[in-house]
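next input, structure requested:
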Amino acid sequence: MILKIIFSLVGIFALVILYLSGYLINNIVYNKKKTTKYLQDFCEKTFPPDWLLKINQWYNQVSRNYFFINSDYGYKLDCYEINNNSKKYVILLHGVTINKEFVKKYAYLYSQLNYSVIAIDHRSHGKSGGSTITYGYYEKHDIAKLIKYIKEKKGNDCIIGLHGESMGASILLAYASMVEDDCQFYVADCPYSDFYKQIRNNVTKTLHTPKFITDLIMETTNILLKILFSFDMKDINIIKNISNVKNPILFLNAKDDDYIDPSMTRDLYNNCTGANKEIHWFKTGFHGGSFNYQPDEYSEIVKSFLKKHVE
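Okay, the predicted model is just below:
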């Protein structure tokens, strides 16, 4: 009788772990995208009115050439180019649950600095294909394909940089540290350094579970991700590989980032061994809003970094 009760409790416990892991997997790979209204409202609440006006006016008037490339994983990647008659290119990488139309603030910034701009919808975002989000696991190879495309179309003498926010920042660092350090500069705004650790932090904050239960949920989740989606969270360990990057990197974050622990940005900077690395902390911005809250300061930091290390 006692053994039967014990087995029943163990079975119930296992089912609870499986349920929580399934819920977590659904939120990871099928993360619900933010609506256009939500993103517009966020910009209106956070940007100084004069900055928001000039960004929107510019974006509504500027010519954008939309195109797509084929991912090596069987889906199309939707992009646009803003050609400023410049051989200097920056590729803009958006964060999770948004899309390329909402990196227009960075497109405006770089256009004012005479850069041609390319923005991409990551897999399972915007108008790109791909049914699941993998947070850099496959996306880093999509970026490699886009860089190859630019060089073939525009010439190997192009200056190419990557600027990303949140997930986009980690994707570009994954590309530079794990695929090829071949861009002239990288700007990483509020990245995660270790995706497994980031998700673990989120689970701990949300469920307040004891360590051993959190560990069980995480390990079960990762095993199922590998079986069902061929995606290993532990492989998105950027801090392990960041020392491979020698080209100029600018790390940016707000001191009050409330989603990805700012210590991740600091650790990435400290473990980066390249000579041309910089880090800048903004007073506020929470997560992904540093430019919105301090557009003048943000612009000057990026401009100074490019002048010092690229131009």
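
so in this structure, which helix runs the longest?
Using DSSP state H, we find that the single longest helix of the chain is helix 2-29.

now the helix or strand following it: how far from the chain's centre is it?
Counting by DSSP states H and E, the next helix or strand C-terminal to helix 2-29 is helix 36-46. The chain centroid and the centroid of helix 36-46 are separated by 19 Å under CA atoms, centre = their mean, to the nearest Å.

list the buried residues for helix 36-46?
Buried residues in helix 36-46, counted by 16 or more other CB atoms under 10 Å: Leu39, Phe42, Cys43, Thr46. C-beta here means a position set from N, CA and C on the backbone, and glycine is covered the same way.

follow-up on the earlier one: can you list the buried residues in the longest helix of the chain?
Ile17, Leu20, Ser21, Leu24, Ile25, Ile28, Val29.

sorry, back to before: most widely separated two among the buried residues of helix 36-46?
The distance between the two most remote of these (CB to CB) is 10.9 Å, for Leu39 and Thr46.

the stretch 201-311 of the chain: strands as residue ranges?
With DSSP state E, counting those that start in this stretch as the criterion, the stretch 201-311 of the chain has strands at 249-254, 277-282.

out of these, which comes closest to Asp50?
Comparing those under CB to CB, the one sitting nearest is strand 277-282, at 19.0 Å.

ok, that closest one: who's next to it in the sheet?
Using DSSP bridges, the strands paired with strand 277-282 in its sheet are strand 249-254 (parallel).

so for the strand it pairs with, what's the average pLDDT?
What strand 249-254 shows for mean pLDDT is 98.

also stretch 21-37?
pLDDT averaged over stretch 21-37 gives 95.

same question, stretch 297-311
So the average pLDDT for stretch 297-311 ends up being 96.

and it, which residues are buried?
Neighbour-count burial for stretch 297-311 flags Tyr298, Ser299, Ile301, Val302, Phe305, Leu306, His309 (criterion: 16+ other CB under 10 Å).

could you export the residues you listed as a markdown table, including distance to Thr35?
Below are those laid out as a markdown table (distance: CB to CB, whole Å):
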| residue | distance to Thr35 |
| --- | --- |
| Tyr298 | 25 |
| Ser299 | 28 |
| Ile301 | 30 |
| Val302 | 29 |
| Phe305 | 33 |
| Leu306 | 33 |
| His309 | 38 |
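
closest to Tyr269 among these?
The nearest one, if we look at the buried residues of stretch 297-311 relative to Tyr269 and count by CB to CB, is Phe305, at 13.3 Å.

how close does that closest one sit to Ile147?
If you measure Phe305 against Ile147 using CB to CB, to the nearest Å, the figure is 20 Å.

next one: the longest helix of the chain to chain centre, how far?
Computed by CA atoms, centre = their mean, the chain-centroid distance of helix 2-29 equals 32 Å.

kindly report the same for stretch 127-139.
Centroid separation for stretch 127-139 versus its chain: 11 Å, with CA atoms, centre = their mean.

ok, stretch 207-219 next?
For stretch 207-219, the distance to the chain centre is 25 Å (CA atoms, centre = their mean).

same check on stretch 290-308?
The chain centre lies 19 Å from the centre of stretch 290-308; the measure is CA atoms, centre = their mean.

please enumerate residues in contact with it?
42-43, 46-48, 51, 105-106, 109, 112-113, 161, 163, 185, 187, 189-190, 248, 250, 252-254, 278, 280, 282-285 (CB atoms under 8 Å, 6 or more residues apart in numbering).

domain assignment for the protein?
If you go by automatic domain parsing, the domain ranges for the chain are 1-30+199-234, 34-194+236-309.

run through the residues that contact the closest residue to Leu268 other than its chain neighbours.
With sequence-adjacent residues excluded and distances taken as CB to CB, 6 or more residues apart in numbering, Leu268 is closest to Ser193, at 4.9 Å. Going by CB under 8 Å, 6+ apart, Ser193 touches Ser170, Ile238, Ile239, Ile242, Met264, Thr265, Asp267, Leu268.

buried sites along stretch 207-214?
For stretch 207-214, by 16+ other CB under 10 Å, it's Ile213, Thr214.

also stretch 256-273?
Asp256, Asp257, Ile260, Asp261, Pro262, Met264, Thr265, Asp267, Leu268, Tyr269, Cys272.
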